[in-house]
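Trainee: pasting the structure only:
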């Protein structure tokens, strides 16, 4: 199993180009099941979850043709359509459930495994199932699989989500695209990745519009046209590199990302003392000499502070001058990195869903273990500013969502090695 060896402390300097967004690419790839004609997807991140989704599409009968650099794929339909999404492919990532909506909408039948992914909380699929049921899907769960059918086309309807759910919003939008009549989805998640999905579907002739802040209206079409679409940049990777610059008194230019999509995060970094300038697709960030503490950071649905950057900001606040706190209101099991940060010297107290960081921590290198995708990158950040050597085990979690992060970090001054 691969691990990272990092020798700190390091200062990040130079420029980094952001990869395509994993969380935008996954629903877009799942929605290609709706098409009869070829689709070209550009700016794909080369990460493990994308490979898993492409293998899942292949198993369902799609033909995948890669470009030379493997960042563009052409996806064709073949004669061999399959409706079975197996546990062996879905177990490693949550997004496997996103093939259910398009399969039911297009082919009116599916057997889809209940999904796996990071162990960060319950993340139930009941929001997906109840929305699809309202559109006309019938289902039963047997031996860990969702056995689903519909009598012909799904029928447009009004759906109000009882809780904001990114995955359920995506699955419902995809399913409603080929449904009969009008679907109105209320209390939708409005993450930029969801807007990227609707922009992709619209580029192929889908009739989708946002009417009000969290309301999406879809009028079903009979079929979608061939299209070429470039996936947006990854905002969590962008936020991670911004934190790296702020942490290390760094000086970083971040390219290939629209700064308007992370205003909340950039404002918090400014409060911590970072100097930030933004252009159209670029962020220039300089880290402060002394990091200022921020009390009461709350994770909440977009456009608020994202749960996927909570662990990275926690490392930043460990180095701040004074006490800070972060309240995690999205997932109930998302402080698994805390025990590992304590091994490096962090003083963090957890009470219920609130973490309090003492600040002014002097990190010292240690051997560490990754528990989930975002926690593992927080350990990388902490190791970068630790005195001496750190070893980070189980970095396959990182490979699920960050594209060759060690190569990007090396180029900006981090002493990091991948050991196999």
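Mentor: Yep, that arrived. These numbers were taken from a predicted model, which means no experiment stands behind them.
Trainee: now for the residue in the chain sticking out farthest from the centre: which residues touch it?
Mentor: Going by CA atoms, centre = their mean, the residue of the chain most distant from its centre is residue 151, 33.7 Å out. Counting by CB atoms under 8 Å, 6 or more residues apart in numbering, residue 151 makes contact with 108, 136. C-betas here are computed from N, CA, C, even on glycine.
Trainee: for residue 33, see how far away it is.
Mentor: Counting by CB to CB, to the nearest Å, the separation of residue 151 from residue 33 is 20 Å.
Trainee: cool, residue 140 as well?
Mentor: 22 Å.
Trainee: which stretches in this structure count as helices?
Mentor: Taking DSSP state H, the helices of the chain run over residues 22-31, 48-59, 87-90, 100-107, 126-134, 166-176, 192-203, 235-247, 263-271, 310-318, 338-344, 373-384, 396-399, 405-411.
Trainee: for the last one, buried residues please.
Mentor: If I follow you right, that is helix 405-411. Within helix 405-411, the residues that count as buried by 16 or more other CB atoms under 10 Å are 405, 406, 408, 409.
Trainee: contacting residues for the third one?
Mentor: So that's residue 408. Listed by CB under 8 Å, 6+ apart, the contact set of residue 408 reads 16, 17, 241.
Trainee: just those residues now: which is nearest residue 390?
Mentor: residue 241 (19.0 Å; CB to CB).
Trainee: quick one: residues contacting the closest one.
Mentor: Here residue 241 is in contact with 12, 16, 18, 252, 254, 408 (CB under 8 Å, 6+ apart).
Trainee: what about 10 Å?
Mentor: By CB atoms under 10 Å, 6 or more residues apart in numbering, the contact set of residue 241 is 12, 15-16, 18, 234, 250, 252-254, 257, 283, 285, 312, 381, 405, 408-409, 412.
Trainee: quick one, which of these are buried?
Mentor: Neighbour counting with 16+ other CB under 10 Å marks 12, 16, 18, 234, 250, 252-254, 257, 283, 285, 312, 381, 405, 408-409, 412 as buried within the contacts of residue 241.
Trainee: ok so, going back, from the contacts of residue 241, which land in strands?
Mentor: Secondary structure from DSSP state E places 15, 16, 252, 253, 254, 283, 285 of the contacts of residue 241 in strands.
Trainee: neighbours around the closest residue to the third one other than its chain neighbours, how many?
Mentor: Once flanking residues are discounted, residue 252 sits nearest to residue 245: 3.9 Å by CB to CB, 6 or more residues apart in numbering. Using other CB atoms under 10 Å, residue 245 has 27 neighbouring residues.
Trainee: distance of residue 245 from residue 251?
Mentor: 7 Å.
Trainee: give me the common contacts of these two.
Mentor: Jointly contacting residue 245 and residue 251 under the rule CB under 10 Å, 6+ apart are 11, 12, 13, 275, 284, 285, 286, 287, 412.
Trainee: residue 131 touches residue 172, doesn't it?
Mentor: Yes - in this structure, residue 131 is within contact of residue 172 by CB atoms under 10 Å, at 4.4 Å.
Trainee: report the set of residues contacting both of the two.
Mentor: Counting by CB under 10 Å, 6+ apart, the contacts common to residue 131 and residue 172 are 101, 159, 161, 165, 183, 185.
Trainee: flag whichever of those residues scores worst on pLDDT.
Mentor: The lowest pLDDT within the shared contacts of residue 131 and residue 172 belongs to residue 165, which sits at 93.
Trainee: for that one, which non-adjacent residue is spatially closest?
Mentor: residue 127 (4.4 Å).
Trainee: the one you found: how many residues sit nearby?
Mentor: 21.
Trainee: before we move on, what about residue 79?
Mentor: Counted with other CB under 10 Å, the neighbours of residue 79 add up to 5.
Trainee: against residue 80, how distant is the residue lying closest to it once chain neighbours are set aside?
Mentor: With sequence-adjacent residues excluded and distances taken as CB to CB, 6+ apart, residue 79 is closest to residue 61, at 8.0 Å. Distance of residue 61 to residue 80, computed by CB to CB: 5 Å.
Trainee: okay, the two: which has more neighbours?
Mentor: residue 61 (16 against 9).
Trainee: if I pick that one, what's in contact with it?
Mentor: Contacts of residue 61 (CB under 10 Å, 6+ apart): 33, 76, 77, 78, 79, 80, 81, 82, 83, 107.
Trainee: I'd guessed the first one sits against residue 59; true?
Mentor: No - with contact taken as CB under 10 Å, residue 33 and residue 59 are classed as non-touching, separated by 11.6 Å.
Trainee: spit out the residues that contact these two alike.
Mentor: Common neighbours of residue 33 and residue 59 (CB under 10 Å, 6+ apart) are residue 99.
Trainee: so if I had to pick from these two, which one is more boxed in?
Mentor: residue 33 (25 against 15).
Trainee: what's near enough to touch that one?
Mentor: Residues near residue 33 by CB under 10 Å, 6+ apart: 56-57, 60-62, 75, 77, 81, 98-103, 105-107, 110, 174.
Trainee: just the buried members of those residues?
Mentor: 56-57, 60-62, 75, 77, 98-103, 105-107, 110, 174.
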